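>>> Build the 3D model from these lines:
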Amino acid sequence: VSNWSGALIPWRIIELPHGELGAPTNDINTTAGLALLTSVAYFYAGINKRGLGYFSKYVQPTPILLPINILEDFTKPLSLSFRLFGNILADELVVAVLISLVPLVVPIPLIFLGLFTSAIQALIFATLSGAYIGEAMEGH
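Okay, the predicted model is just below:
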């Protein structure tokens, strides 16, 4: 729903005194918050299911990989947030530019394309979040 709120109506063309309207996922803070919530759920599920043995995954198969395994847990929410933010922002910017250049018929197909890509991005975010949580519960 958050992605579609910016794709259905090109809110970016409405100027406000202190900002602009757009999809909530058009802001990096919103997507980072969603990704951090996924990360918290990831750690909670792993610790809840496997106890403190969950942290043994960081030194497997060898302790030399400890920094890489820790880095992996930081890059998961980072990639989730940047992927969602970048795709939604790009869609809204393209539609806003086309509406300002050719306001009548040309932006309509791109608005429908934006609806499709917004739905796909929501599906990808949810699927990856579920996969990360499932991986935390089951191990490698």
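>>> Tell me which stretches of this structure form helices.
2-8, 28-50, 66-101, 107-138 (DSSP state H).
>>> Please identify the deepest-packed of those helices.
helix 2-8 (a mean of 19; mean count of other CB atoms under 10 Å). In this view, the C-beta of every residue, glycine as well, is placed from N, C-alpha and C.
>>> Now render the helices of the chain as CSV, adding distance to residue 57 and mean pLDDT.
Formatted as CSV, the helices of the chain follow (distance: least, CB to CB, whole Å; pLDDT from 0 to 100):
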stretch, distance to residue 57, mean pLDDT
helix 2-8, 32, 58
helix 28-50, 8, 92
helix 66-101, 7, 87
helix 107-138, 9, 87
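>>> Tell me which of these lies nearest to residue 56.
Smallest distance to residue 56 across these (CB to CB): 8.5 Å, for helix 28-50.
>>> Using CSV, write out every CA atom in that closest one.
In CSV, the C-alpha atoms belonging to helix 28-50 read as follows (Å, rounded to 0.1, in the frame of the first residue of the first chain):
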residue,chain,number,x,y,z
ILE,A,28,15.3,6.4,2.8
ASN,A,29,14.5,6.7,6.5
THR,A,30,11.3,4.7,6.1
THR,A,31,13.0,1.9,4.1
ALA,A,32,15.9,1.8,6.6
GLY,A,33,13.4,1.5,9.5
LEU,A,34,11.6,-1.4,7.7
ALA,A,35,14.9,-3.1,7.0
LEU,A,36,16.1,-2.6,10.7
LEU,A,37,12.8,-4.1,11.9
THR,A,38,13.5,-7.1,9.6
SER,A,39,17.0,-7.3,11.1
VAL,A,40,15.6,-7.3,14.7
ALA,A,41,13.1,-10.0,13.7
TYR,A,42,16.0,-12.0,12.1
PHE,A,43,18.0,-11.9,15.3
TYR,A,44,15.0,-12.5,17.6
ALA,A,45,13.9,-15.6,15.6
GLY,A,46,17.4,-17.0,15.5
ILE,A,47,18.0,-16.5,19.3
ASN,A,48,14.5,-17.7,20.2
LYS,A,49,14.8,-20.9,18.1
ARG,A,50,18.4,-21.8,18.7
